[in-house]
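Student: fold the following for me, if possible:
(chains A, B and C)
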Amino acid sequence: MKKDLLGIADLTPFEISMILDLAESTKSISERTIKKVPTLRGRTVVNLFFEPSTRTRLSFEVAQKRLSADTVNFSVSGSSISKGETLVDTAKNLAAMSPNVIVIRHSVAGYPHRLAKIMDASIVNAGDGFHEHPTQALLDLMTIRERKPKIEGLKVAIVGDIARSRVAGSNILCLTKMGVEVTVMGPSSMLPLHVRRLGVNVAPNLKEAIIGKDVVMLLRIQAERDAAPRFPSPREYNRYFGLKMEHIKYLKSDCIIMHPGPINRGVEIDPEIADGPLSVILDQVANGVAVRMAVLLLLLGGRSIYEISD
Amino acid sequence: MKKDLLGIADLTPFEISMILDLAESTKSISERTIKKVPTLRGRTVVNLFFEPSTRTRLSFEVAQKRLSADTVNFSVSGSSISKGETLVDTAKNLAAMSPNVIVIRHSVAGYPHRLAKIMDASIVNAGDGFHEHPTQALLDLMTIRERKPKIEGLKVAIVGDIARSRVAGSNILCLTKMGVEVTVMGPSSMLPLHVRRLGVNVAPNLKEAIIGKDVVMLLRIQAERDAAPRFPSPREYNRYFGLKMEHIKYLKSDCIIMHPGPINRGVEIDPEIADGPLSVILDQVANGVAVRMAVLLLLLGGRSIYEISD
Amino acid sequence: MKKDLLGIADLTPFEISMILDLAESTKSISERTIKKVPTLRGRTVVNLFFEPSTRTRLSFEVAQKRLSADTVNFSVSGSSISKGETLVDTAKNLAAMSPNVIVIRHSVAGYPHRLAKIMDASIVNAGDGFHEHPTQALLDLMTIRERKPKIEGLKVAIVGDIARSRVAGSNILCLTKMGVEVTVMGPSSMLPLHVRRLGVNVAPNLKEAIIGKDVVMLLRIQAERDAAPRFPSPREYNRYFGLKMEHIKYLKSDCIIMHPGPINRGVEIDPEIADGPLSVILDQVANGVAVRMAVLLLLLGGRSIYEISD
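Tutor: Have a look, this model is predicted:
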């Protein structure tokens, strides 16, 4: 595998499958009494979060500790980044502590890619601006794979703020690479300008988007990121774009419902559906730890991946 | 033992004694050169603090590391809780990472109990609103037990904001269960409405409260929690409710003085007493680590408790 | 070695050399695949940072984890220190958790020394006010030693805010102890009142300061610490005190350029010099981890230092 995991854009379908195959093994580690293997003992991982995060940071940290890596966290508040240090200097200074992996979340698209060019350590993009969030797309695909025997030819709808969601960005890349037919839908203000160039269909409304699909993936409304919100109100959003009980009749009986979380209940999705039998939302979270373990193992490579049964 | 430690209310006297017996063993671990046993290796503990804390969070984290558990911290700032996620969703998302224990502090009474109902992980209440703080009461009882050969029949005074102190709440429950005679005293605005229903005596003033007692426990004035403080000033509080050198003459010669910390010197207690021979305040802190180790061992159960001698 | 590392003032030249000799060994640990030795397993280290820090906190934490110590962090925000606890109570409460080492950064000069007097744990000063930052001076000397075969008789220039830089403070003490001839230069408002009593020369301008020196050490402008800045503007500072390409001609060909970081590029130093062949700035960072590992090993003493080859 390459040195870094910066985006789904850089991965071949073979590499994507390899990560998910390994994640099936790493998932079993979290199901044991002693949820720990010594594989990454003595490796140093730095979690560098420039944006608030609960689940992603926690998921990475749990993954690292279950692989016995040494984990060091820092977040932007209280860091010298606030003293005006440049990316290059931050990178070089981190490098001088010889970490093996830097997991980074940053509000600027491309920041992880610039870090990767100047560091020997492996960089894992944990979300960069509106750009990519590759481990999310991988855990989403792992969750789909657990329910659908064949990925190629599946039909997936993605609903919400397509333009500014890095989850949508990485998922569209990942799913289309794997031969999935992707349909997107959202407020017109939330669709990218040349959306069809992404190789996706655009549905005119929620009903058309979800009919006959194998997977319906709802995106989180990121009200907190938006100075000038692009939709009138959560209630208004729910009216046109929220998945409600009345839509169940349009869904295939084996359709699965996904959401990257945290859910705005009653906005993107009705609680009855989020908690209902079609929802695989919590499988996504569990698979997040497994996928991140697999990514860390593959990046640090070598014999590591054969030793995880210890 | 039960799945969770939510409050002293749920514990039998037998269970309380069992925890303290085990804590006597775990205390010795912190006195060794290598202050660590491998008992909880590969178990994941999440410390979820929705309120600021130094000593409790630190005490739990030290306890966890001395048992070789994998510890992941998060505090509310910078977490997706601030993105409006519900308790249920927080719980389910944590659960999907398969932690073994969640240690939680929250300003809402009953929050840990609601978490416990929907999670397989063991929940340890590290303080919920004005309600309970069970590990504090256990470490207090352990401290008393180290100085008093027989618990039953002891006389304990608790002085301060009885109504809104979770330390008082858990201690009253714990001590009365163990056959201790408890007397409370504080500003009338700080006494619960039906205080005698708690099975305690109420003293009219500090002198009456402390005379003939085996233990005097002072509560911290929580000025920071109180929008409209219920007493005029720290100086005023000290005048009527602070333990001062002039009170020493009323104390039994083997009386011990306790305080959960952090101390407001010169408010609840005079420095000479806090640092004097009757004070066991620092024993309380040391016993905190021991009690929390014991609680973690018992909750995770199985053979664990027999292996701590390694 | 003594119980604590509070300042270079307390160290003999022999002790300084011993730390650096050991640091040469510990540096190799960070160059291995498995960057970890079990030497400090079961020892508890508390990192107590009352001021924001990235590189120092990170460097200490990496050092601790590579020695297998149990590390607990806390920073002032969210701690009970903000509840008005005194130094003595903080110290005693920490002590009751039986840590082996406390690494402390505080804005008050002498705070670590006061802690050291009342605690059994070893105290490591990670920066106290404008006073000392001993591990910085040690890592600086280690970096010099790697490039210069003989320390005694070297000529070192230190440029910047001499009066209020703890990096300057510790370096002047350290270098003069080792027989180095130190010359300082900076805005007159940034020189200590009786600067020559420190045993250093004072240069009238940057050119005079750097000519013929073996080492030029630039200090960071701490704009954020200064309510009433003592220089007109960064541009003005750069004009008179910044090391620029035009100065290269005055430097000895084997002169090395140092800076404690984070760099204000274009203020204290031109980017071309910071990234150029004379710069050893990143060696300083790497040596920081090594020196801190050595200090921890020596403070915890005993057989430890002979076991690091495992």
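Student: any idea which element residue A:51 lies in?
Tutor: In the assignment (DSSP states H and E), residue A:51 maps to no helix and no strand.
Student: for it, phi and psi?
Tutor: Main-chain torsions, residue A:51, degrees, to the nearest 10: phi -130, psi 150.
Student: who does the closest residue to it other than its chain neighbours form a beta bridge with?
Tutor: What sits nearest to residue A:51 in space, not counting adjacent residues and going by Cβ to Cβ, 6 or more residues apart in numbering or on different chains, is residue A:105, at 5.1 Å. Heads up, the C-betas are built off the backbone N, CA and C, glycines and all. Under the criterion DSSP bridges, residue A:105 forms beta bridges with residue A:49.
Student: residue A:125 versus residue A:105, what's the distance?
Tutor: Per Cβ to Cβ, to the nearest Å, residue A:105 is found 8 Å from residue A:125.
Student: between the two, who's got more neighbours?
Tutor: Neighbours were counted for residue A:105 and for residue A:125 using other Cβ atoms under 10 Å in any protein chain shown; residue A:125 has more, 30 against 26.
Student: number of residues surrounding the closest residue to that one other than its chain neighbours?
Tutor: Leaving aside its chain neighbours, residue A:125 sits nearest to residue A:112 (4.1 Å; criterion: Cβ to Cβ, 6+ apart). Residue A:112 has 27 neighbouring residues, counting by other Cβ under 10 Å.
Student: who's in contact with the residue most central in space within chain A?
Tutor: Central residue of chain A (Cα atoms, centre = their mean): residue A:136, 1.3 Å from the mean position. Contact partners of residue A:136, counting by Cβ atoms under 8 Å, 6 or more residues apart in numbering or on different chains, are A:56, A:127, A:166, A:167, A:170, A:171, A:260, A:288.
Student: take those residues and write them to JSON lines, including neighbour count and distance to chain B.
Tutor: Below are the contacts of residue A:136 laid out as JSON lines (neighbours: other Cβ atoms under 10 Å in any protein chain shown; distance: Cβ to the nearest Cβ, whole Å):
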{"residue": "A:56", "neighbour count": "23", "distance to chain B": "9"}
{"residue": "A:127", "neighbour count": "25", "distance to chain B": "13"}
{"residue": "A:166", "neighbour count": "23", "distance to chain B": "15"}
{"residue": "A:167", "neighbour count": "25", "distance to chain B": "14"}
{"residue": "A:170", "neighbour count": "25", "distance to chain B": "19"}
{"residue": "A:171", "neighbour count": "32", "distance to chain B": "19"}
{"residue": "A:260", "neighbour count": "26", "distance to chain B": "11"}
{"residue": "A:288", "neighbour count": "30", "distance to chain B": "8"}
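Student: strands - which of the residues you listed land there?
Tutor: Members of the contacts of residue A:136 lying in strands (criterion: DSSP state E): residue A:127.
Student: next, the buried residues of stretch A:11-25.
Tutor: Neighbour counts using 16 or more other Cβ atoms under 10 Å in any protein chain shown place A:11, A:15, A:16, A:18, A:19, A:20, A:22, A:23 of stretch A:11-25 among the buried residues.
Student: now, among those, which is nearest to residue B:1?
Tutor: Set against residue B:1, the nearest of the buried residues of stretch A:11-25 by Cβ to Cβ is residue A:23 (34.9 Å).
Student: residue A:290 is in contact with that closest one, correct?
Tutor: Yes. Residue A:23 is within contact range of residue A:290, at 4.3 Å (criterion: Cβ atoms under 8 Å).
Student: residues shared between the contacts of these two?
Tutor: Counting by Cβ under 8 Å, 6+ apart, the residues touching both residue A:23 and residue A:290 are residue A:142.
Student: next, the contact list for residue A:124, please.
Tutor: A:4, A:5, A:60, A:101, A:102, A:103, A:104, A:112, A:135, A:295, A:296, A:299.
Student: can I get these in CSV including pLDDT?
Tutor: As requested, the contacts of residue A:124 are exported to CSV (pLDDT from 0 to 100):
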residue, pLDDT
A:4, 97
A:5, 98
A:60, 97
A:101, 97
A:102, 96
A:103, 97
A:104, 95
A:112, 95
A:135, 98
A:295, 97
A:296, 97
A:299, 95
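Student: now the residues you listed in CSV, with secondary structure?
Tutor: Converted to CSV, those look like this (DSSP: H, G, I helix; E, B strand; the rest coil):
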residue, secondary structure
A:4, coil
A:5, strand
A:60, helix
A:101, strand
A:102, strand
A:103, strand
A:104, strand
A:112, helix
A:135, helix
A:295, helix
A:296, helix
A:299, helix
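Student: number of nearby residues for whichever residue of the stretch 201-310 of chain A sits closest to chain B?
Tutor: Of all residues in the stretch 201-310 of chain A, residue A:285 sits closest to chain B, at 3.4 Å by Cβ to the nearest Cβ. The number of residues packed near residue A:285 is 22, by other Cβ under 10 Å.
Student: whichever strand or helix holds it packs against which elements?
Tutor: For residue A:285, the host element (DSSP H and E) is helix A:281-300. With contacts defined as 3 or more Cβ pairs under 8 Å, 6 or more residues apart in numbering or on different chains; DSSP states H and E, the packing partners of helix A:281-300 are helix A:13-29, helix A:55-66, strand A:101-106, strand A:122-128, helix A:134-147, strand A:256-258, helix B:87-95.
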